[in-house]
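Visitor: here is a sequence together with a model predicted from it:
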Amino acid sequence: MLLVVSSPNRLLRGVRSGLRTLLLSSALLGVGVHSVSAQTVADDDDVASQQLNLPKDVTVFGKSDPNVRKATAIVNGRIITGTDVDQRLALIITANGGKVSDEEKERLRVQVLRNLIDETLQIQEAAANDIKVDPAEVNQSYERVAANFRQSPTQFDAYLRERGSSSASIKRQIEGELAWSRLQRRNIQPFVNVSEEEVKSVVDRLNAAKGSDEVRISEIYLSATPENHAQVVANARDIIEQIQKGGSFAAYARQFSEASTQSVGGDLGWVRPSQLPAELAQAANELQVGQIAGPIDTVGGVSIVYVMDKRKVLTADPRDALLSLKQLSVLFPQGTTKEQASAKAASFAAAVKEIKGCGQANEVGAKIGADVVDNDNVKVRDLPPQLQEILANLQVGEATPPFGSITDGVRVLVVCGRDDPASANAPNADQIMAQLEEERVNKRARIYLRDLRRDAIIEYN
């Protein structure tokens, strides 16, 4: 039995959108540690004991100072503190609008530490291969991140501090991504080859499948054993609940998924349902765009799947049409009841029927006190799923039925122009080769990181 729920808006605006983009990464903060000799420490202890007349065998009564941050883990000598985890966790919570339960925070904290350890290993391995990231380059990237929020770096610093994070946390993330990317280009990419025969085979398969259904799907895979299956299913349901409340599917995939697609937010790319395991294929066929299903029992665990989009192979999709639109909207005064809103919406709908093309939209809008906004180059597929089918079938000059809510008011969209998509063609050979190379580099990079974990000396506190 599949639990099917509709996902919230995938496009968050303003600050949450910027943070979500930033958080689509598994990199977390690590801090340096200075080394001193054991003999120096012993000598200092002897001097201090003599000065204060302290006993040699000291027993501490009571709890230690809670303000003193101890290491959460030490990775090959590099300390990861609780502060590091708290600051990166604060970014995730902010990206989810602060709507994260205490229980969910604890699960996130565990995964954040795991990811932080991976980032530390990546930075250490890059350094061992004489790969250095210039601090000036990190600062430039940080400035671009701040600019995405329409803030100066100083303003962005303050914004992060207000939410329990810091600029150092993000800069560490940037450093880790740059270092690991350069390490892959040096140690992996030169040894990845894709033949012309492989590319031709992909092109032939695409042409043979022309017109068949494809789905772009994302997955969160959680491994399970017979002993812990019930608990894993419960965890999966908690994740679905958080996504329903506005959480990012991609962010949760990066934090929790154990599949090879973890690093790309669970994105499996465009696939035909027949290429998926039977359990996932059923969900892919039954779900609409923007819906989530799970937990689904699969081999070795459970999965949560999210349908990002659907299309037909090498066939022009009406949702790729570019529209020019006029939007007429009327807001409801604060305190408007449901009955009052329904009456005003009915009056609005009657007035909209008078619109005969975009030429009259401004005139009608002025009569009913509506705001009129022009929107050009709007792709149908970028609109809410409820409007896509309606707009795909409207002719120039026609309007949608009224839609909205008491909070957002009522509005309609009038189609003023349409550029239909050209016939779809198969990707060219260079595009296919680049995609195959990227897939193989990512696979080898995961193996590389797995080996680093196996060889690492990690102490937990």
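Guide: Structure's in. What do you need? Please read these numbers as outputs of a predicted model, since none were measured by experiment.
Visitor: show me the strands in the chain, by range?
Guide: Secondary structure of the chain (DSSP state E): strands at 4-6, 71-75, 78-81, 213-223, 267-271, 291-298, 301-312, 322-330, 371-379, 403-405, 409-419, 458-460.
Visitor: JSON lines for those strands, including distance to residue 445 and mean pLDDT?
Guide: Just so you know, the C-beta spots here come from the backbone N, C-alpha and C atoms, and that holds for glycine as well. Below are these laid out as JSON lines (distance: least, Cβ to Cβ, whole Å; pLDDT from 0 to 100):
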{"stretch": "strand 4-6", "distance to residue 445": "33", "mean pLDDT": "39"}
{"stretch": "strand 71-75", "distance to residue 445": "18", "mean pLDDT": "83"}
{"stretch": "strand 78-81", "distance to residue 445": "21", "mean pLDDT": "91"}
{"stretch": "strand 213-223", "distance to residue 445": "18", "mean pLDDT": "89"}
{"stretch": "strand 267-271", "distance to residue 445": "16", "mean pLDDT": "85"}
{"stretch": "strand 291-298", "distance to residue 445": "24", "mean pLDDT": "89"}
{"stretch": "strand 301-312", "distance to residue 445": "23", "mean pLDDT": "88"}
{"stretch": "strand 322-330", "distance to residue 445": "37", "mean pLDDT": "87"}
{"stretch": "strand 371-379", "distance to residue 445": "33", "mean pLDDT": "85"}
{"stretch": "strand 403-405", "distance to residue 445": "45", "mean pLDDT": "82"}
{"stretch": "strand 409-419", "distance to residue 445": "40", "mean pLDDT": "86"}
{"stretch": "strand 458-460", "distance to residue 445": "20", "mean pLDDT": "87"}
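Visitor: nearest to residue 200, of the ones you listed?
Guide: strand 267-271 (19.3 Å; Cβ to Cβ).
Visitor: where in the chain is pLDDT low?
Guide: For the chain, the stretches flagged by pLDDT under 70 are 1-71, 96-97, 211, 316, 422-427.
Visitor: returning to what we had before: could I get the strands of the chain as CSV with distance to residue 451 and mean neighbour count?
Guide: Shown next, in CSV, are the strands of the chain (distance: least, Cβ to Cβ, whole Å; neighbours: other Cβ atoms under 10 Å):
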stretch, distance to residue 451, mean neighbour count
strand 4-6, 39, 13
strand 71-75, 15, 19
strand 78-81, 18, 20
strand 213-223, 20, 22
strand 267-271, 25, 16
strand 291-298, 26, 21
strand 301-312, 23, 21
strand 322-330, 47, 20
strand 371-379, 43, 13
strand 403-405, 52, 14
strand 409-419, 50, 19
strand 458-460, 14, 12
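Visitor: nearest to residue 164, out of those strands?
Guide: Closest of the strands of the chain to residue 164 is strand 78-81, at 14.2 Å (criterion: Cβ to Cβ).
Visitor: and the closest one, how far from the chain's centre?
Guide: Averaged C-alpha coordinates place strand 78-81 at 26 Å from its chain's average position (Cα atoms, centre = their mean, to the nearest Å).
Visitor: all numbers from here: first residue = 47
Guide: Noted, 47 is the first residue going forward, which turns the last one into strand 124-127.
Visitor: tell me which stretches of the stretch 297-446 of the chain form helices.
Guide: Secondary structure of the stretch 297-446 of the chain by DSSP state H, counting those that start in this stretch: the helices cover 324-332, 384-398, 407-414, 431-438.
Visitor: just those: most buried one?
Guide: With neighbours taken as mean count of other Cβ atoms under 10 Å, the helices of the stretch 297-446 of the chain reach their highest mean count in helix 324-332, at a mean of 18.
Visitor: tell me the angle that one makes with strand 347-358.
Guide: Inter-element angle recorded for helix 324-332 and strand 347-358: 40 degrees (by axes from the mean of the first three to the mean of the last three Cα atoms, to 10 degrees).
Visitor: packing partners of helix 324-332?
Guide: strand 259-269, strand 337-344, strand 347-358 (3 or more Cβ pairs under 8 Å, 6 or more residues apart in numbering; DSSP states H and E).
Visitor: and those as TSV, adding distance to residue 475?
Guide: Compiled in TSV, the helices and strands packed on helix 324-332 are given as follows (distance: least, Cβ to Cβ, whole Å):
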stretch	distance to residue 475
strand 259-269	20
strand 337-344	34
strand 347-358	21
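Visitor: hmm, back to that, can you list the helices of the stretch 297-446 of the chain in TSV and add distance to residue 458?
Guide: Shown next, in TSV, are the helices of the stretch 297-446 of the chain (distance: least, Cβ to Cβ, whole Å):
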stretch	distance to residue 458
helix 324-332	32
helix 384-398	5
helix 407-414	9
helix 431-438	11
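Visitor: out of the ones you listed, which is closest to residue 455?
Guide: When those are compared by Cβ to Cβ, helix 384-398 sits nearest residue 455, at 8.7 Å.
Visitor: what's the closest one in contact with?
Guide: For helix 384-398, contacts defined as Cβ atoms under 8 Å, 6 or more residues apart in numbering pick out 374, 376, 378, 382, 410, 413-414, 416, 445, 447-448, 450, 452, 456, 458.
Visitor: can we see that at 7 Å?
Guide: 374, 376, 378, 410, 413, 414, 445, 448, 452, 456, 458 (Cβ atoms under 7 Å, 6 or more residues apart in numbering).
Visitor: between the residues you listed, which is nearest residue 159?
Guide: residue 452 (43.1 Å).
Visitor: my guess is the closest one contacts residue 381. True?
Guide: No: the criterion here is Cβ atoms under 7 Å, and residue 452 misses it with residue 381 at 9.9 Å.
Visitor: compare these two (neighbour count), which wins?
Guide: residue 452 (17 against 7; other Cβ atoms under 10 Å).
Visitor: quick one: the more buried one from residue 397, how far?
Guide: Between residue 452 and residue 397 the distance is 19 Å, computed by Cβ to Cβ, to the nearest Å.
Visitor: now the strands of the chain in a markdown table, with distance to residue 304?
Guide: Formatted as a markdown table, those follow (distance: least, Cβ to Cβ, whole Å):
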| stretch | distance to residue 304 |
| --- | --- |
| strand 50-52 | 22 |
| strand 117-121 | 20 |
| strand 124-127 | 21 |
| strand 259-269 | 5 |
| strand 313-317 | 14 |
| strand 337-344 | 11 |
| strand 347-358 | 7 |
| strand 368-376 | 40 |
| strand 417-425 | 34 |
| strand 449-451 | 38 |
| strand 455-465 | 42 |
| strand 504-506 | 19 |
